[in-house]
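Chemist: okay, here's the prediction I keep looking at, along with the sequence it came from:
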Amino acid sequence: MKTPGSRARRSILVLGGYGAVGREAAHALAGHPGTNVIVAGRNPGKAPPVPGTTARRVDAADPADLARALDGVDTVLMCAEVDNARVARACVERGIHYVDVTASHHLLAALQALDEPAREHGATLAMSVGLIPGVTNLLARVCAERSPSTELLIGALLGSGEAHGPAALAWTLDGLGRLDGSWTMNFPAPYGERTVHRFPFSDQHTLPTTLGVPSARTGLCLDSRLVTRLLSVAGRPAVARLLHRPQVRRLLLSALGTAHVGGDGFAVTVRCGAVQASFSGRRQSLATGRTAALLIRHLPDLPPGAAHIEQLVDPVPFLTELATGGFALDLGDDPA
């Protein structure tokens, strides 16, 4: 992977920039000289300004408003789920790079379909750029290259005490109704061995194609063992049906948004055969925002077209650089 060199001044539009991930990414991007960062969303006044950035009201659901917002922009970072494929198409057809942190497989499939127009207009469309998917994809590539196996096992341990926005909570609630199977994985200290429950993260759907492995499974647990046990009940058919009732859904979203049981630590680990690698730290929104910001810094050196992060960068130097932001990286021992 090339080290980003000096470039002309760049203008980056962060859509969904008032959310937890968008703010972290904007803060990281604003810290680099020659970068103009525009933090955009429908409600500019709902969060304190990010130092070194410009705030702008942009309704991405309005094609005319979006078109005006793209004038003079060379990169768009999407930190929301608002017609992502349409927004991405509007970007790449103008030769604007597009980076998306979404974890929804159906959205990633729609973005992948834009590979041809992105190549035609010389734009990079980067997907799976966050913690899960993102860092997990890069760890998976490291493990798969070192120890080819029949299956990749991915574990995500998230802090149940970290505050999240309504969209992230709704996405999590939807996933709880689709828990499917469980297994144990070893996480870095202080967590140790935990039971994870299969969760519909997108990495397990994309990695067999991008890495050429037969299969991949991603499991979720929380730092609170008690809350993890409670979540495992959500996979039962009767409970899953309840989660989709509007009244129950509203009550649960309200409870999830106010009751923070646990801390803000996280850890992700990947196992393939005898090889295991992990990445851990505090605040998953910080990790996702920093991952997106680092990928954007490398965009000038990346090829046009639609691709997932593990197809775009060399994982070891990228993860090593990312870890300097206060995270712990363990790539295990290389059998070779």
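Modeler: Cool, got the structure.

Chemist: any low-confidence regions in the stretch 51-200 of the chain?
Modeler: Residue ranges of the stretch 51-200 of the chain with pLDDT under 70: 160-180.

Chemist: would you map the helices across it?
Modeler: In order along the chain, the stretch 51-200 of the chain carries the following helices (DSSP state H, counting those that start in this stretch): 63-70, 84-92, 105-112, 115-120, 136-146, 166-176.

Chemist: make TSV out of those helices and add distance to Pro200 and mean neighbour count.
Modeler: The C-beta positions use only the backbone N, C-alpha and C, and glycine is treated the same way. Listed next are the helices of the stretch 51-200 of the chain as TSV, based on distance: least, Cβ to Cβ, whole Å; neighbours: other Cβ atoms under 10 Å:
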stretch	distance to Pro200	mean neighbour count
helix 63-70	29	15
helix 84-92	17	22
helix 105-112	7	18
helix 115-120	23	17
helix 136-146	14	25
helix 166-176	5	17
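
Chemist: Pro315 is nearest to which of these?
Modeler: Counting by Cβ to Cβ, Pro315 lies closest to helix 136-146 out of the helices of the stretch 51-200 of the chain; the figure is 3.8 Å.

Chemist: now the closest one, how far from the centre of its chain.
Modeler: From the chain centre to the centre of helix 136-146 is a distance of 16 Å (Cα atoms, centre = their mean, to the nearest Å).

Chemist: now do that helix: which elements does it pack against?
Modeler: strand 152-158, helix 203-211, strand 265-272, strand 275-282, helix 309-312, helix 315-323 (3 or more Cβ pairs under 8 Å, 6 or more residues apart in numbering; DSSP states H and E).

Chemist: and that helix with strand 265-272, angle?
Modeler: 30 degrees (axes from the mean of the first three to the mean of the last three Cα atoms, to 10 degrees).

Chemist: what is the orientation angle of helix 136-146 with strand 152-158?
Modeler: Interaxial angle, helix 136-146 versus strand 152-158 (the same axes, to 10 degrees): 150 degrees.

Chemist: before we move on, the earlier item: which among the helices of the stretch 51-200 of the chain is found nearest to Pro208?
Modeler: Across the helices of the stretch 51-200 of the chain, closest to Pro208 is helix 136-146 (Cβ to Cβ), at 10.1 Å.

Chemist: pull that closest one out as CSV, backbone CA atoms only.
Modeler: Provided in CSV are the C-alpha atoms of helix 136-146 (Å, rounded to 0.1, in the frame of the first residue of the first chain):
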residue,chain,number,x,y,z
THR,A,136,-13.1,-7.6,10.4
ASN,A,137,-12.6,-7.9,6.6
LEU,A,138,-9.0,-6.9,6.9
LEU,A,139,-8.3,-9.3,9.8
ALA,A,140,-10.1,-12.0,7.8
ARG,A,141,-7.8,-11.5,4.8
VAL,A,142,-4.7,-11.7,7.0
CYS,A,143,-6.0,-15.0,8.5
ALA,A,144,-7.2,-16.5,5.2
GLU,A,145,-3.9,-15.8,3.5
ARG,A,146,-1.8,-17.3,6.3
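
Chemist: what residues does that helix touch?
Modeler: Contact with helix 136-146 is made by 128, 152, 154, 156, 201, 203, 206-207, 210-213, 216, 218, 268-273, 275-279, 308-310, 313, 315-316, 318-319, 331-332, 334-336, as judged by Cβ atoms under 8 Å, 6 or more residues apart in numbering.

Chemist: swap the cut-off to 7 Å and go again
Modeler: If you take Cβ atoms under 7 Å, 6 or more residues apart in numbering as the criterion, helix 136-146 is touched by 128, 152, 154, 156, 203, 207, 211, 213, 216, 268, 270-272, 275-277, 279, 308-310, 315-316, 318-319, 331, 334-336.

Chemist: which of those count as buried?
Modeler: Neighbour counting over the contacts of helix 136-146 (16 or more other Cβ atoms under 10 Å) leaves 128, 152, 154, 156, 203, 207, 211, 213, 216, 268, 270-272, 275-277, 279, 308-310, 315-316, 318-319, 331 as the buried ones.

Chemist: could you find the closest non-adjacent residue to the residue nearest the centre of the chain?
Modeler: Taking Cα atoms, centre = their mean, the centroid of the chain lies closest to Gly130, which sits 2.7 Å from it. Nearest-residue entry for Gly130: Thr288, 3.8 Å, with adjacent residues in sequence omitted and distances by Cβ to Cβ, 6 or more residues apart in numbering.
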